[in-house]
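Trainee: Predicted structure and sequence below. I'll ask about it afterward.
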Amino acid sequence: MQYTSEDLLGVKTRKDLIDIANRKNIKIDNVVKKLKYELELIKLQSELVSLQQWVSKNNLRVAILFEGRDAAGKGGSIKRFYEHLNPRTARVVALSKPTENEKGQWYFRRYIKELPNPGEIVFFDRSWYNRAVVEPVMGFCNEEQYAQFMVQVPGFEHMLYEDGVILIKFWFSISKEVQKKRFTARLRNPLKQWKFSPVDMKGQELWDKYTYYKEQMFTRTHTDFSPWIIVKTNDKQTARLESMRYVLSKFDYREKDYSKIPIQPDPNVIVRYYRNAKQIDI
């Protein structure tokens, strides 16, 4: 069953389309879900623009870290966060592997150079936490380098906190089954094959090892001044919306009280880490 030209001639609103679909038993659940997502996304992105203007006016420094397993949706979420912001006071940082010179420097140095300036929001597509999970899993650092990092990172983040940097740390949590489906989809899509790397190929094989180092990271680097926020991302669209809500909820920007969309995130999707927090990538 589908719409006819006669059906469409009398349509003036989305509700008319939905009423016709219900009457004719046309399956449009996915379309309706997509429309609702797009409408909410636009409203939240408008709120982010207001937040950015407030951050800029008050010379705040905001760093938002996006961490998680491969294919968890970090890049897609960052794209939606950033796409309507003023590029003069917002940046995306996605560093490549360190150069030989950088390998000989203090590990945090190349990230310090990317921290936000006054009035700026910086989105980190992966961060210094590469050394907490990806590097030890893949053998890109030795045991001594890993141990030193884990000792130093709480102190490093405390210095950022004392200096006024507002740090938000997201962990995008994805189940093993959904990760596998997304890897397969990437390989089939010529526009997304560039996202698939040799490291990705190891993701499923080394799942339990990733889990071990992820839990070590949470236990040793989750603090009151710099907590981990877990985002359940099996549903990408919901994860994007709720992570936006979380960021907006952390600031008392001027237009917040007049928002026409809920700002508080869904606790079934966004949860502050604690030992018994339910995760889907364990």
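Mentor: Ah, there it is.
Trainee: how about stretch 221-241: buried residues?
Mentor: Across stretch 221-241, burial judged by 16 or more other CB atoms under 10 Å covers 221-222, 226, 228-234, 236-241. C-betas here are computed from N, CA, C, even on glycine.
Trainee: next one: stretch 152-168
Mentor: Quick answer for stretch 152-168 (16+ other CB under 10 Å): V153, F156, E157, L160, V165, I166, L167, I168.
Trainee: Now do the phi/psi pair for the fourth one.
Mentor: Okay, so that is L160. phi -60, psi -40 (degrees, to the nearest 10).
Trainee: And it, how close does it get to A147?
Mentor: 21 Å (CB to CB, to the nearest Å).
Trainee: Just the closest of the buried residues of stretch 221-241 to N58, please.
Mentor: Nearest to N58 out of these is S226 (CB to CB; 20.8 Å).
Trainee: Spell out the residue ranges of the helices in the stretch 51-200 of the chain.
Mentor: 74-82, 100-103, 109-112, 134-138, 143-162, 176-188, 198-205 (DSSP state H, counting those that start in this stretch).
Trainee: Select, out of those, the one closest to D281.
Mentor: Once those are compared by CB to CB, helix 176-188 is nearest, at 7.3 Å.
Trainee: which residues sit against that closest one?
Mentor: 69-72, 174, 192-193, 195-196, 200, 203-204, 207, 234, 281 (CB atoms under 8 Å, 6 or more residues apart in numbering).
Trainee: quick one: buried residues of that helix?
Mentor: K176, V178, Q179, R182, F183, R186.
Trainee: Of the contacts of helix 176-188, grab the buried ones for PyMOL.
Mentor: To isolate in PyMOL the members of those that are buried, counting by 16+ other CB under 10 Å, one can use:
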select buried, resi 69+70+71+72+174+196+200+203+207+234+281
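Trainee: which two in the contacts of helix 176-188 are spaced the farthest apart?
Mentor: Q193 and D281 (23.6 Å).
Trainee: So, low pLDDT: which residues of the stretch 1-150 of the chain?
Mentor: 1-3, 5-9, 28-31 (pLDDT under 70).
Trainee: all strands of it, in order?
Mentor: 61-68, 90-93, 120-125 (DSSP state E, counting those that start in this stretch).
Trainee: Kindly reformat these as TSV containing mean neighbour count and distance to E102.
Mentor: Listed next are the strands of the stretch 1-150 of the chain as TSV, based on neighbours: other CB atoms under 10 Å; distance: least, CB to CB, whole Å:
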stretch	mean neighbour count	distance to E102
strand 61-68	22	19
strand 90-93	18	14
strand 120-125	22	16
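Trainee: Pipe the ones you listed into JSON lines and attach distance to K12 per row.
Mentor: Shown next, in JSON lines, are the strands of the stretch 1-150 of the chain (distance: least, CB to CB, whole Å):
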{"stretch": "strand 61-68", "distance to K12": "41"}
{"stretch": "strand 90-93", "distance to K12": "38"}
{"stretch": "strand 120-125", "distance to K12": "40"}
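Trainee: looking at those, which is closest to G139?
Mentor: Among those, strand 61-68 sits nearest to G139 (CB to CB), with 19.3 Å.
Trainee: list the helices and strands that closest one packs on?
Mentor: helix 74-82, strand 120-125, strand 165-173 (3 or more CB pairs under 8 Å, 6 or more residues apart in numbering; DSSP states H and E).
Trainee: Give me the sheet partners of it and which way each runs.
Mentor: strand 120-125 (parallel), strand 165-173 (parallel) (DSSP bridges).
Trainee: so how far is that strand from its chain's centroid?
Mentor: 8 Å (CA atoms, centre = their mean, to the nearest Å).
Trainee: Which positions within stretch 94-114 qualify as buried?
Mentor: L95, Y107, F108, R110, Y111.
Trainee: Stretch 46-64 now?
Mentor: Here stretch 46-64 shows 47-48, 50-56, 60-64 as buried, counting by 16+ other CB under 10 Å.
Trainee: Could you dump these into a markdown table with distance to M138 added?
Mentor: A markdown table is the format used below for those (distance: CB to CB, whole Å):
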| residue | distance to M138 |
| --- | --- |
| E47 | 38 |
| L48 | 34 |
| S50 | 40 |
| L51 | 36 |
| Q52 | 35 |
| Q53 | 41 |
| W54 | 40 |
| V55 | 35 |
| S56 | 38 |
| L60 | 35 |
| R61 | 31 |
| V62 | 30 |
| A63 | 25 |
| I64 | 25 |
